[in-house]
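Visitor: Sequence and predicted structure below; questions after.
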There are 2 protein chains.
Amino acid sequence: MVTSFNGNQEVSYSIDSELVESILEAVRQGRRNELVQLLEPLHPADIADVLEQIGSAERADLVNLWGVGFDSGVLPELDDNIAVEVVDSLPSEQLSDAVRDLESDQVVDLVEDLEPGRQEEVLNTLDEAGRAAVEKLLNYPEDSAGRLMQREFVMLPLHWTVGEAIDFLRSSNDPPDGFYHVMLVDSHIKPVGQVALGRLMSSKREVELKNISESGFMTFSAAQSQEDVAYAFKQYRLVSAPVVDETGRLIGAVTIDDAVDVLDEHATEDMHLLAGVGDESLSDHVLEIAKQRFPWLIANLATAVLASAVIAQFSATIEAVVALAVLMPIVVSMGGNAGTQSLTVAVRAIATKDLTGSNAWRVIRRESVVGLINGVVFAMIIGSVGLVWYESTTLSVVLAAAVVVTMLMAGISGILVPILLERARVDPALASGAFVTTVTDVVGFFAFLGLAYKVFLS
Amino acid sequence: MVTSFNGNQEVSYSIDSELVESILEAVRQGRRNELVQLLEPLHPADIADVLEQIGSAERADLVNLWGVGFDSGVLPELDDNIAVEVVDSLPSEQLSDAVRDLESDQVVDLVEDLEPGRQEEVLNTLDEAGRAAVEKLLNYPEDSAGRLMQREFVMLPLHWTVGEAIDFLRSSNDPPDGFYHVMLVDSHIKPVGQVALGRLMSSKREVELKNISESGFMTFSAAQSQEDVAYAFKQYRLVSAPVVDETGRLIGAVTIDDAVDVLDEHATEDMHLLAGVGDESLSDHVLEIAKQRFPWLIANLATAVLASAVIAQFSATIEAVVALAVLMPIVVSMGGNAGTQSLTVAVRAIATKDLTGSNAWRVIRRESVVGLINGVVFAMIIGSVGLVWYESTTLSVVLAAAVVVTMLMAGISGILVPILLERARVDPALASGAFVTTVTDVVGFFAFLGLAYKVFLS
């Protein structure tokens, strides 16, 4: 809920649960006026959050009751699977009204997840030109700039003057969303520059547009990945930018709000992948989620079984010195933790393009030294714990040595695995964890139990 | 490096290592013209990346050789600790020139990390008004909107018409960076609306500004946290917004590029915290990094020692059935993994405000069921592995039962811990991992070894 600022009060932008309760109460009682009154002051993005956070049946009831007044701005703000549900609950007429209010990229975002029949129904609500625009965008691959851009933008000939541009803009009366620049094109409709509106307004009428074009001007190809486009928006502080087709012709514009959505989604995705979670959202159903998490758990099981196989080789040693079974999880746990630290820093730095071929060796060296330093420090601490606990210097030295080896290998594998995966064009967020854990588990158990075998049994 | 689009070629926005090599070669040879030629086509953000990715000595040499031509746009794009180094290498005169080109928020960002002496030197390069503006901003707490905002913005009286606004803007000739809206203020300089430039340009001259003010208009307080402001920019698709002081008077503007920086930093921070890494950057020194990671490793050690203490209680059981030592890491590893999945989804959902009081119970129920489902599925798989391996039905049943219990508890603690930490106003990204691992480790070892004791020894 938007709490407007007043004085020194704390401001929260999250949904207020009491408000949600009142909304649900109004829906249960079928009181439409009350519902409309509660929703009216909310931003469409907040109404979308309310719809996402309530149950599926309540959602359908709310949309049904709201009916005619349904705010079309809510649709583009919904999670994909919730948007599908809401479209299904909306009466045809309200759906048409809502869709007609959207920009082309928003319609694309909405219909790409619908079943063909329902998709057709939504497309039919558009006029011919609108439908053609949306269908054209749907031809671009998922996650491409073509799907992200909007077809509504303002382009002007390069040779126009500021005065001509201003007169033209004055005569149009519905500027598109996210309109902050005019795009300059040559006679082949190829974008050759762009002028910020602020610059346009403060320039003299006789100045030619080409002389005030922005220096950091960039174009994107419709086939480019959304992730690359979003990265460029962040890196070069863009607010809007032209998109061209394969012939270099201007066909659309990406705006910063779309880029922010992509950046945000990718941050969530990377965080989830690092923890072994797929493309799940909070609104997914239980079975869907259990299924999504299954492959990662299977990969982890394979790693764990491999580690167990290492331990099994040393059954006789453990039988002889049972303290080994008590202490071995410490070695492996420290290794796993140190490895996760290194790999997370590496994966994030690769995603933000801070870790590249230019500094890879420096970072690898650094992580190895960090692994060694913390390995030695924790070898001393953990060795002392072992000594106090079991009063055996030999056991304590074995423990300490195993900790150094494991934490050093954790540092090295934590940085090398993501770099090598990236080189092999595998998403490092996806697979680094399993590989690094395998290394730290196997090295940890093998170093500790192997050394113990040498010292105690041979 | 900015690779401009051409045809279907793949586009990369990351620094090209060959280019970095050429730059370093030019620096080593002291060839200034060559260096300038190599840097000239680069965007300041990319030059900043080059400076971040090379060694410390090379960085100082590069800045020294570059000298007079130094692009002031590079400074705001640098990591804090690298910016300090670069400021130290810049000759006084170039530093003055560079600082004078910056907006007030950029100067603040630069000087806040400098030592007092050096800070004074930078402030002295500003004129009196500029210095006063920067000092005023420095009075706001770190990570507040006051530190994020710029003092350069355009405000107009609410009662003006479009025509008056346009004439005024035409007469100013250096619009501030990120100027996409005019802020409307009342007679007390309190912001009461804002008009997008596109809307301004396409409206008739006689229309009053207040009639075309944006509906989603929001103001922020200078004392508000940057994280809240950035969240609102993302949630409400803002591009610029006014900031007010404690009396409600307009004192600055936050722009979307600053909000994107904050969102990006927080995503990195949360990802790092989840993996037990503090506020470290790739350009930190080895000892700094080792020190930063130490507290997390200590916390992990405490957890591991606690788990070992649980195992120690069952030494006699392990001595009797050594297979327990071989199999116990599997139980704990599966629990740890399942717990990490749940807690990561929860921590991210709390950060994006998708998990709130309204849906907490639904999500807790869901995670518990997911934990139970995957627990049962993996109990069957792991039980079978145990059966094949040790040909003991009893052992296999004990193993399966322990897996169900551990994975169920992993799901429950994975969601409950972050929610409870959030309620207790502790950052869930910071502490969830240690708590959840403790639960899964202790429950895992206790369930498996305790059951085994009951079955085999009593």
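Guide: That came through fine.
Visitor: any weak-confidence spans in chain A?
Guide: Scanning chain A with the threshold set as pLDDT under 70 gives A:1-11.
Visitor: Surely A:Ala241 is within a strand?
Guide: Yes: assessed by DSSP: H, G, I helix; E, B strand; the rest coil, A:Ala241 belongs to a strand.
Visitor: With adjacent residues omitted, what lies nearest to A:Ala431?
Guide: A:Leu421 (5.7 Å; Cβ to Cβ, 6 or more residues apart in numbering or on different chains). The way it works is simple: take the backbone N, C-alpha and C, and place the C-beta from them, glycine included.
Visitor: buried sites along the helix or strand hosting that neighbour?
Guide: Using DSSP states H and E, A:Leu421 sits within helix A:393-423. By 16 or more other Cβ atoms under 10 Å in any protein chain shown, the buried positions in helix A:393-423 come out as A:395-419, A:421-422.
Visitor: Same check on stretch A:195-207?
Guide: A:195-203, A:207.
Visitor: I'd say A:Asp46 and A:Ser12 touch.
Guide: No: if you go by Cβ atoms under 8 Å, A:Asp46 and A:Ser12 don't touch, sitting 11.5 Å apart.
Visitor: Looking only at neighbour counts, state which of these two leads.
Guide: Neighbours per residue (other Cβ atoms under 10 Å in any protein chain shown) separate A:Asp46 from A:Ser12, with A:Asp46 holding more: 23 against 14.
Visitor: So that one versus chain B, what's the distance?
Guide: Plainly put, A:Asp46 is 8 Å away from chain B if you go by Cβ to the nearest Cβ, to the nearest Å.
Visitor: hang on, that residue is in a helix, isn't it?
Guide: Yes: according to three-state DSSP, A:Asp46 belongs to a helix.
Visitor: Please enumerate the helices of the stretch 151-300 of chain A.
Guide: Secondary structure of the stretch 151-300 of chain A, counting by DSSP state H, counting those that start in this stretch: helices at A:162-171, A:197-201, A:226-235, A:256-274, A:286-312.
Visitor: quick one, the last one and helix A:256-274 angle?
Guide: Relative orientation of helix A:286-312 versus helix A:256-274 (axes from the mean of the first three to the mean of the last three Cα atoms, to 10 degrees): 40 degrees.
Visitor: tell me what helix A:286-312 is packed against?
Guide: helix A:428-452, helix B:323-351, helix B:360-390 (3 or more Cβ pairs under 8 Å, 6 or more residues apart in numbering or on different chains; DSSP states H and E).
Visitor: Near chain B, which residues of the stretch 351-458 of chain A are found?
Guide: A:352-359, A:362-363, A:366, A:369-370, A:373-374, A:377-378, A:381-382, A:385, A:441, A:445 (Cβ under 8 Å from any Cβ of the partner chain).
Visitor: go with 7 Å
Guide: By the rule Cβ under 7 Å from any Cβ of the partner chain, the part of the stretch 351-458 of chain A lying against chain B is A:353-359, A:362-363, A:366, A:369-370, A:373-374, A:378, A:381-382, A:385.
Visitor: and what of the stretch 51-200 of chain A?
Guide: Neighbours of chain B within the stretch 51-200 of chain A, by Cβ under 7 Å from any Cβ: A:52-53, A:55, A:166, A:169-170, A:172-173, A:175, A:179-180, A:197-199.
Visitor: Can you tell me which of those residues has the most neighbours?
Guide: A:Leu197 (27 neighbours).
Visitor: which one is that one nearest to, not counting chain neighbours?
Guide: B:Leu197 (3.9 Å).
Visitor: Compute the inter-axis angle for the helix holding A:Leu421 and helix B:286-312.
Guide: Going by the same axes, to 10 degrees, helix A:393-423 is angled at 120 degrees with respect to helix B:286-312.
Visitor: what helices or strands is helix A:393-423 leaning on?
Guide: Other helices and strands packing on helix A:393-423, by 3 or more Cβ pairs under 7 Å, 6 or more residues apart in numbering or on different chains; DSSP states H and E, are helix A:323-351, helix A:360-390, helix A:428-452.
Visitor: hang on, the earlier thing: can you tell me which residues contact the residue nearest to A:Leu197?
Guide: Residues in contact with B:Leu197 (Cβ atoms under 7 Å, 6 or more residues apart in numbering or on different chains) are A:180, A:197-198, A:201, B:180-181.
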